[in-house]
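*Asks:* how does the following fold in three dimensions:
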Amino acid sequence: MQHVQKHALALVAGLFLGAALATFGTKGLAQGVGNDLDNGILVSSSAFLPVSSPQTPEIVAETIKVVVTAYSSTIWQTDDTPFITAAGTTVREGIVAANFLPMGTKIKLPDLYGDQVFVVEDRMHPSKNFIVDIWFPDYWQALNFGAKRTYIEVLEG
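*Replies:* Coordinates of the predicted model:
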């Protein structure tokens, strides 16, 4: 597999270089980036964007219809430790509360956030089921989010 990834990476880099040379030519590509050595052009490695290796895509284990709400770190919305999740971590972007999923479950909200991955690290009042509560850093952002009916994708692993 690693052998195939290296060849795919080389192919992508070659296509990018070919397209850049066809578009700008060697002088236009190096202009302002490279150095002039005896009327030749030396293009520094910073002239190209790095190409990352492909990652294993997340596998969707289950799709569930939910209501999505929002909360912030305010005393009246949480307990007396508003910046600590039920999992014992500090609140941050990408944290959600949900009672019906195990702690650490990774989910996506494709209709609302595309490919962003969220992690269940907090809980809600026990009466709340099939509700996902997204943490926001500001009370007004959470309030403006409101409540939305959508679905989540539960990711494997």
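
*Asks:* who does the lengthiest strand in the chain pair up with?
*Replies:* Among the segments of the chain that qualify as a strand by DSSP state E, the longest is strand 60-71. Partners of strand 60-71 in the sheet, by DSSP bridges, are strand 131-135 (parallel), strand 148-155 (antiparallel).

*Asks:* go through the ones you listed and name the closest to Glu62.
*Replies:* Nearest to Glu62 among the strands paired with strand 60-71 is strand 148-155 (4.3 Å), distances taken as CB to CB. C-betas here are computed from N, CA, C, even on glycine.

*Asks:* buried stuff in that closest one?
*Replies:* 152-155 (16 or more other CB atoms under 10 Å).

*Asks:* now swap in stretch 122-129 and tell me
*Replies:* Of the residues in stretch 122-129, 122, 124, 128 count as buried by neighbour count, 16+ other CB under 10 Å.

*Asks:* stretch 90-104 spans what distance, first to last residue?
*Replies:* The first residue of stretch 90-104 is 14 Å away from its last residue (CA to CA, to the nearest Å).

*Asks:* other residues contacting that stretch?
*Replies:* The contact list for stretch 90-104 (CB atoms under 8 Å, 6 or more residues apart in numbering) reads 71, 73, 82-87, 89, 105, 107, 116-124, 126, 128-135, 137, 154.

*Asks:* and what of stretch 62-82?
*Replies:* So stretch 62-82 is in contact with 83, 91, 97, 109, 112, 130-139, 141-143, 145-154, going by CB under 8 Å, 6+ apart.

*Asks:* quick one: the helices in this protein, in order.
*Replies:* 2-30, 110-113, 139-145 (DSSP state H).

*Asks:* packing partners for the last one?
*Replies:* Contact analysis of helix 139-145 by 3 or more CB pairs under 8 Å, 6 or more residues apart in numbering; DSSP states H and E lists strand 60-71, strand 131-135 as its packing neighbours.

*Asks:* cool, and the shortest one?
*Replies:* In terms of contacts (3+ CB pairs under 8 Å, 6+ apart), helix 110-113 is packed against strand 148-155.

*Asks:* the same query, at a cut-off of 10 Å, please.
*Replies:* strand 60-71, strand 148-155 (3 or more CB pairs under 10 Å, 6 or more residues apart in numbering; DSSP states H and E).
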